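[1] Dropping a prediction and its sequence here:
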Amino acid sequence: MHRTRRAKIVATLGPASSSPDMIRKLFLAGADVFRMNFSHGTKEDHAARFAAVRAVERETGRPIGILADLQGPKLRVGVFESGPVQLQAGQKFRFDLDKAAGTAERVNLPHPEIFAALVPGAELLLDDGKLRVRVERCDAASADTTVLVGGRLSERKGVNVPGVVLPISALTAKDRTDLETALELGADWVALSFVQRPEDLMEARQLINGRAGLLAKLEKPSAIERLEDVVAATDAVMVARGDLGVEMPAEQVPAIQKRIVKLCRKLGKPVIVATQMLESMIESPVPTRAEASDVATAIYDGADAVMLSAESAAGKYPVEAVTMMNRIIEGTEADTQYRQLIEASQAAAEANARDVTQAVCCAMRRAAELLQADAIVSYTSSGRTSLRAARERPGSAILSLSPHLGTARKLALAWGVHSVHVADPASLDQLAPMATEVARSQGFAQPGHPIVILAGLPFGESGSTNMMRVAIA
């Protein structure tokens, strides 16, 4: 069993999609990676979903990726003594550390780190940007503001501070506990929220300690300002357009999305485009035409994956949403313009005498094109060879063979990679027969047709890709 498309689908599991039968249906409909949102659910809930995904994996014989998405810091106002208040444009309103219930003139903001970073002229966004205030005066314990955009403010609503780097860790105490739970359960990827700078990724990387891939969610303007450094410091990226669109003007988000995807393709880092892709399918069995175009745009740009959030987690039509996303991707990739756009937007490899893997993979792409190879077979221990092959966005399918099941699962996120868990070849002489046999048995190569094989010698050494061979299936 293998997909007929290159881009992957990430489906979020939740109340509408937690049963083993539903998870199986979502996988068969097209889901390649399942996202577990640790903002919700108990350890037992997540354990049951992990077990159900792994049962489908055993049944189908296909490595399936699991992405554990950590909640990150949640900045919220306190409570009000008489229920929600109505803020009017132009009025004065105070935020402070006083734990007393709020009024129409003030409310508790229990985050001293916000006050430490505020300066006069800074703006605060409330309730996902529905309300906006400007700081007039501030100190370490309070901020006096003027309401710019008014509205109804109720308790526990979120606060965003655009344009300000907050002195706060991207990992809360809850996140550290959830991270350990996710790693114990066997997560393949860990998504880190509230990334403001590359340094925010270091603590998570140390805690993960190689047990999973690290994925940075780009949702803060400060992260976009240091985009190249942030992408270089992570293993993969999610374009979290919902949160990004709260703190940045909506008209800027499409260009930022394209910039992120382009950079990730250049650096060979998997990139997911996420949030509100088929949102109308939470309530409707069909998407809007604008949503279909939105998904297609990400595919034309060469994103590794597109993601469903509430559509599959809590919507009325989770299977239909995955099915529709699968159809949109297949239809887009079948368009004659698709290959033209992918090739035109391909970043040229930079000359580097020390990067043998890059040189071999560039040669692979050209050889596969000239030979019209049925498949590129990448033998990889860490996954780096297959990711580098995927960076080239070749016309041939990438069949990734790995002796490590964890590596095979992680590669379920990568563009064009069909991952297979295999035994470790005892010698170089066994590699070509193994590659041709798997390529035929998995339906990627016809007998007598060429395939291109990538590997590193000696076997088992990460980052040692130094061999390309042409074989006949």
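    Perfect, I can see it now. Residues are numbered from 1 along each chain as shown.
[2] just the strands in the stretch 301-450 of the chain please.
    Taking DSSP state E, counting those that start in this stretch as the criterion, the stretch 301-450 of the chain contains strands spanning 305-308, 375-379, 397-402, 417-421, 450-456.
[3] The fourth one packs against which elements?
    Taking 3 or more CB pairs under 8 Å, 6 or more residues apart in numbering; DSSP states H and E as the contact definition, the neighbouring helices and strands of strand 417-421 are helix 384-391, strand 397-402, helix 405-410. The way it works is simple: take the backbone N, C-alpha and C, and place the C-beta from them, glycine included.
[4] Now render these as CSV, adding distance to residue 76.
    Rendered in CSV, the data for the helices and strands packed on strand 417-421 read as follows (distance: least, CB to CB, whole Å):
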stretch, distance to residue 76
helix 384-391, 38
strand 397-402, 43
helix 405-410, 34
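[5] between the ones you listed, which gets nearest to residue 207?
    In terms of CB to CB, the element of those nearest to residue 207 is helix 405-410, at 17.0 Å.
[6] how about the CA coordinates for the closest one, as CSV?
    As requested, C-alpha coordinates have been extracted for helix 405-410 and formatted as CSV (Å, rounded to 0.1, in the frame of the first residue of the first chain):
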residue,chain,number,x,y,z
LEU,A,405,11.5,1.9,12.8
GLY,A,406,11.7,5.3,14.5
THR,A,407,13.4,6.7,11.5
ALA,A,408,10.8,5.2,9.2
ARG,A,409,8.0,6.8,11.2
LYS,A,410,9.6,10.2,11.2
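[7] Select, out of the helices and strands packed on strand 417-421, the one closest to residue 71.
    Nearest of the helices and strands packed on strand 417-421 to residue 71, taken as CB to CB: helix 405-410 at 22.1 Å.
[8] Enumerate the positions of the closest one that are buried.
    Neighbour-count burial for helix 405-410, counted by 16 or more other CB atoms under 10 Å, picks out 406-410.
[9] returning to that earlier point: which among the helices and strands packed on strand 417-421 is found nearest to residue 435?
    Closest of the helices and strands packed on strand 417-421 to residue 435 is strand 397-402, at 6.8 Å (criterion: CB to CB).
[10] Packing partners of the closest one?
    Packing contacts for strand 397-402, counted by 3+ CB pairs under 8 Å, 6+ apart, involve strand 375-379, helix 384-391, strand 417-421, helix 428-441.
[11] Ranking the ones you listed by mean neighbour count, which comes first?
    Mean neighbour count, computed with mean count of other CB atoms under 10 Å, is highest for strand 375-379 among the helices and strands packed on strand 397-402, reaching a mean of 29.
[12] starting at the chain centroid, how far to that one?
    The chain centre lies 24 Å from the centre of strand 375-379; the measure is CA atoms, centre = their mean, to the nearest Å.
[13] cool, stretch 335-344 as well?
    For stretch 335-344, the distance to the chain centre is 23 Å (CA atoms, centre = their mean).
[14] Show me which residues of it are buried.
    The neighbour-count criterion (16+ other CB under 10 Å) identifies 338, 342 as the buried residues of stretch 335-344.
[15] Show me where the stretch 51-200 of the chain has its helices.
    With helices called from DSSP state H, counting those that start in this stretch, the stretch 51-200 of the chain shows them at 112-117, 173-185, 200-208.
[16] want to try a markdown table for those, with distance to residue 331 as columns?
    As requested, the helices of the stretch 51-200 of the chain are arranged in a markdown table below (distance: least, CB to CB, whole Å):
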| stretch | distance to residue 331 |
| --- | --- |
| helix 112-117 | 46 |
| helix 173-185 | 34 |
| helix 200-208 | 36 |
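[17] Looking at the ones you listed, which is nearest to residue 325?
    Ranking the helices of the stretch 51-200 of the chain by proximity to residue 325 (CB to CB) places helix 173-185 first, at 24.7 Å.
[18] so what's the residue lying closest to residue 275 once chain neighbours are set aside up against?
    Using CB to CB, 6 or more residues apart in numbering and skipping the chain neighbours, the partner closest in space to residue 275 is residue 242 (3.8 Å). Contact criterion CB atoms under 8 Å, 6 or more residues apart in numbering gives 219, 274-276 as the residues in contact with residue 242.
[19] Kindly report the same for residue 14.
    Under the criterion of CB under 8 Å, 6+ apart, the contact list for residue 14 reads 37, 40-41, 310, 312-314.
[20] That one and residue 441: what is the separation?
    Residue 14 is 36 Å from residue 441, where distance means CB to CB, to the nearest Å.
[21] before we move on, what about residue 139?
    Applying CB to CB, one obtains 69 Å for the distance of residue 139 from residue 441.
[22] what's in contact with stretch 113-122?
    The set of residues external to stretch 113-122 that reach it, using CB under 8 Å, 6+ apart, is 75, 97, 109, 134-143, 159, 161, 163-168.
[23] Which of those fall in strands?
    Among these, the members found in strands (DSSP state E) are 134-138, 142-143, 159.
[24] from those, which would you call buried?
    Neighbour counting over the ones in strands among the contacts of stretch 113-122 (16+ other CB under 10 Å) leaves 135, 138, 142-143, 159 as the buried ones.
[25] And the strands in the stretch 1-150 of the chain?
    Counting by DSSP E, counting those that start in this stretch, the strands of the stretch 1-150 of the chain are 8-13, 33-37, 65-69, 85-87, 92-96, 106-108, 123-126, 131-138, 142-149.
[26] contacting residues around the second one?
    Spelled out, that is strand 33-37. Strand 33-37 is contacted by residues 8-14, 23, 26, 46, 49-50, 53, 64-69, 182, 187-189, 191, 305, 307, 309, 313, 412-413 when judged by CB under 8 Å, 6+ apart.
[27] Can you tell me the strand partners of that strand and which way each runs?
    The strands that strand 33-37 pairs with in its sheet are strand 8-13 (parallel), strand 65-69 (parallel) (by DSSP bridges).
[28] Just the CA trace of the last one, in CSV.
    What follows is the C-alpha trace of strand 65-69 in CSV, where atoms were taken according to Å, rounded to 0.1, in the frame of the first residue of the first chain:
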residue,chain,number,x,y,z
GLY,A,65,4.2,9.2,12.2
ILE,A,66,2.9,10.7,15.5
LEU,A,67,3.3,14.4,16.2
ALA,A,68,3.0,15.5,19.9
ASP,A,69,2.0,19.2,19.9
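[29] tell me the mean pLDDT for it?
    Mean pLDDT, computed over strand 65-69, is 98.
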